[in-house]
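Q: How does the following fold in three dimensions:
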Amino acid sequence: MKVFNTMSRSKEELVPVNKGVVNVYTCGPTVYSRIHIGNFKTFLFEDILVRYLRYDGFKVNHVMNITDVDDKTIRASKESNTPLDDVTKPFIDAFFADMKALHMVEADHFTRATRHIEPMVKLVKSLLDNGYAYKTPDGNIYYSISKFKNYGKLAHLDPSTLMSGASNRVASDEYEKDSVSDFALWKAWTEDDGEVYWETELGKGRPGWHIECSAMSMEYLGETLDIHTGGVDNIFPHHQNEIAQSEGATGKTFSKYWMHSRHLMVDGAKMSKSLKNFYTLDDLKKMDITPEEFRFFVVTNHYQTSLNFTLDAVKASARGRMGLIELVARLKEVQNGSSDVDVDPIIQKMLDGFKAGMDDDLNTPKAISHIFDLSRETNKLIDENKLSKDDANKILDAINKVNTVFAFLENSEAEIPNDIMKLLDERADARKTKNWAKSDEIRDKLDEMGYTVKDGPQGQRVTRK
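A: Residues are numbered from 1 along each chain as shown. Here you go, the predicted model:
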């Protein structure tokens, strides 16, 4: 398997630190508001990565952080006059609910920053001892980027242009991308922090955003990770600062591979609240887009592409997914077709093509194309009654195998509501009495209600549109 490493700007063979085990750290949500679908484009890429590594035989240790203390969460706490945990809890709960709706596998560890202050303090102390950090009279502790010779390497910044020192410090967690500055590791308490602080050896205060991920990742995965992921907006300064902090403390490579997902655009524009194109999963449901349809739209496009979200594009993708769901339904109905065709080469061709695509830096468009090829060939065999029950089950097994990565079949057999079942029974009775007009009338009514009915040898088959 090869992955594109942001550090080297090239595809590299994945060779874990420990054979057979891949330690993966994924930058998770900052829980000061509801997570939008742009964030979930990155989280779904990370889900596909973890799922495929396990499909390919690796044991995966997966850590995802939850940023529940930073400038944004503290600001929300102060503005609402609400304790920090009470501010973040509803958004954490909503995030987990959205994850479940999108059929994302859970991380082995979800690390909340507020629960890991001690390892952060320990890491800052190491940086002070090693000469990479310094304390200012106001009690803040900063990282001196001039002391780290490879600062800027991940973002491919020119070291000769970097500045540091008293005139170029940044206390804010997030700052302009072209602001190359000494950054805060520990922030001394101020009135703006309200009740958010910890009494530690470093003084009364709280951690900077960047130190959180360094401390939590190494706490669970060791001093050298295999893969660190996030969105492209994390490359600088966040991930660059993680490298400086972690390697400054340990002297070891922090992560062997860095993988980054590009942005989700909405109708060709970057998502923002001011443009009113800032969508959550709940917003998609109002647009008649299910979480499963959004998932399929995202994961069948390459994670390194800037994906343009439009209603037409999502619905076109949903039709492709529905085709695969209908294929599975047809395969389950196969009974007594002939067995003149050897399906083993057809199945193996799909599995080999799928693996070749996924091994090529998670080329999901290439991988899914081989599943669609199998679908076309199989549908033709069913139409020609050339598929036996045993062969149909072989193909089903292969589809279920690749579905462990893409999860396109999830929720495809959701319970049909009672009112829909009643109409289907009425239509079945009408067809028995050859009342074709009533049969067509009920079919059209079901169509208006969002259900497609198809007639086959085994009777009616209904699917959500």
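Q: Following element in sequence after the lengthiest helix in the chain, please.
A: Once the chain is assigned using DSSP state H, the helix that runs over the most residues is helix 311-333. Proceeding N to C from helix 311-333, the next assigned helix or strand is helix 344-359, under DSSP states H and E.
Q: and for that following helix, what are the contacting residues?
A: 1-2, 52, 55-56, 363-371, 373-374, 377-378, 394-395, 398, 401-402, 405 (C-beta atoms under 8 Å, 6 or more residues apart in numbering). In this view, the C-beta of every residue, glycine as well, is placed from N, C-alpha and C.
Q: Give me the buried subset of these.
A: Neighbour counting with 16 or more other C-beta atoms under 10 Å marks 1, 52, 55, 363-364, 367-371, 374, 377-378, 394-395, 398, 402, 405 as buried within the contacts of helix 344-359.
Q: For my notes, confirm residue 104 occurs in a helix.
A: No. With DSSP: H, G, I helix; E, B strand; the rest coil as the criterion, residue 104 is coil rather than part of a helix.
Q: Run a quick neighbour tally on residue 106.
A: The number of residues packed near residue 106 is 13, by other C-beta atoms under 10 Å.
Q: whoops, residue 305 was the one
A: Residue 305 is flanked by 11 other residues according to other C-beta under 10 Å.
Q: List the residues that contact the closest residue to it other than its chain neighbours.
A: What sits nearest to residue 305 in space, not counting adjacent residues and going by C-beta to C-beta, 6 or more residues apart in numbering, is residue 262, at 6.0 Å. Counting by C-beta under 8 Å, 6+ apart, residue 262 makes contact with 231-232, 303-307.
Q: what is residue 456 paired to in the beta sheet?
A: residue 459 (DSSP bridges).
Q: With residue 287 as the reference, measure out to it.
A: With distances taken as C-beta to C-beta, to the nearest Å, residue 456 is found 31 Å from residue 287.
Q: Give me the subset of the contacts of residue 262 lying in strands.
A: Members of the contacts of residue 262 lying in strands (criterion: DSSP state E): 231, 307.
Q: Could you identify the buried members of the contacts of residue 262?
A: For the contacts of residue 262, a neighbour count by 16+ other C-beta under 10 Å gives the buried set as 231, 303-304, 307.
Q: For the closest residue to residue 336 other than its chain neighbours, give its distance to residue 339.
A: Leaving aside its sequence neighbours, residue 336 sits nearest to residue 389 (C-beta to C-beta, 6+ apart; 7.3 Å). Per C-beta to C-beta, residue 389 is found 9 Å from residue 339.
Q: cool, residue 353 as well?
A: 24 Å.
Q: Which of those two has more residues huddled nearby?
A: residue 353 (18 against 13).
Q: And the contacts of the helix or strand encompassing residue 369?
A: For residue 369, the host element (DSSP H and E) is helix 364-383. If you take C-beta under 8 Å, 6+ apart as the criterion, helix 364-383 is touched by 48, 299-303, 320, 323-324, 327, 330-331, 334, 337, 341, 343, 346-347, 349-350, 353-358, 360, 387, 392, 395, 398-399, 402, 405-406.
Q: quick check: mean pLDDT across it?
A: Average pLDDT, helix 364-383: 97.
Q: Pull the CA coordinates from it and hand them back as PDB.
A: The C-alpha coordinates for helix 364-383 follow below in PDB (Å, rounded to 0.1, in the frame of the first residue of the first chain):
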ATOM      1  CA  THR A 364     -11.600   5.300  -4.000                       C
ATOM      2  CA  PRO A 365     -13.000   6.300  -7.400                       C
ATOM      3  CA  LYS A 366     -10.900   3.600  -9.100                       C
ATOM      4  CA  ALA A 367     -11.800   1.000  -6.400                       C
ATOM      5  CA  ILE A 368     -15.600   1.700  -6.700                       C
ATOM      6  CA  SER A 369     -15.400   1.500 -10.500                       C
ATOM      7  CA  HIS A 370     -14.500  -2.200 -10.200                       C
ATOM      8  CA  ILE A 371     -17.600  -2.800  -8.000                       C
ATOM      9  CA  PHE A 372     -19.800  -1.100 -10.600                       C
ATOM     10  CA  ASP A 373     -18.200  -3.200 -13.300                       C
ATOM     11  CA  LEU A 374     -19.100  -6.300 -11.300                       C
ATOM     12  CA  SER A 375     -22.600  -4.900 -10.900                       C
ATOM     13  CA  ARG A 376     -23.100  -4.500 -14.700                       C
ATOM     14  CA  GLU A 377     -21.800  -8.000 -15.500                       C
ATOM     15  CA  THR A 378     -23.900  -9.600 -12.700                       C
ATOM     16  CA  ASN A 379     -27.100  -7.800 -13.700                       C
ATOM     17  CA  LYS A 380     -26.600  -9.100 -17.300                       C
ATOM     18  CA  LEU A 381     -26.200 -12.700 -16.000                       C
ATOM     19  CA  ILE A 382     -29.400 -12.400 -13.900                       C
ATOM     20  CA  ASP A 383     -31.300 -11.000 -16.900                       C
END
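Q: I would like the residues contacting the helix or strand that it is followed by, please.
A: Going down the chain from helix 364-383, the next helix or strand is helix 389-406, by DSSP H and E. Residues outside helix 389-406 that contact it (C-beta under 8 Å, 6+ apart): 48, 51-52, 54-55, 296, 299-300, 324, 327-328, 331-332, 334-337, 339, 341, 343-344, 346-347, 350-351, 354, 358, 364, 367-368, 371, 374, 378, 382, 387, 409-410.
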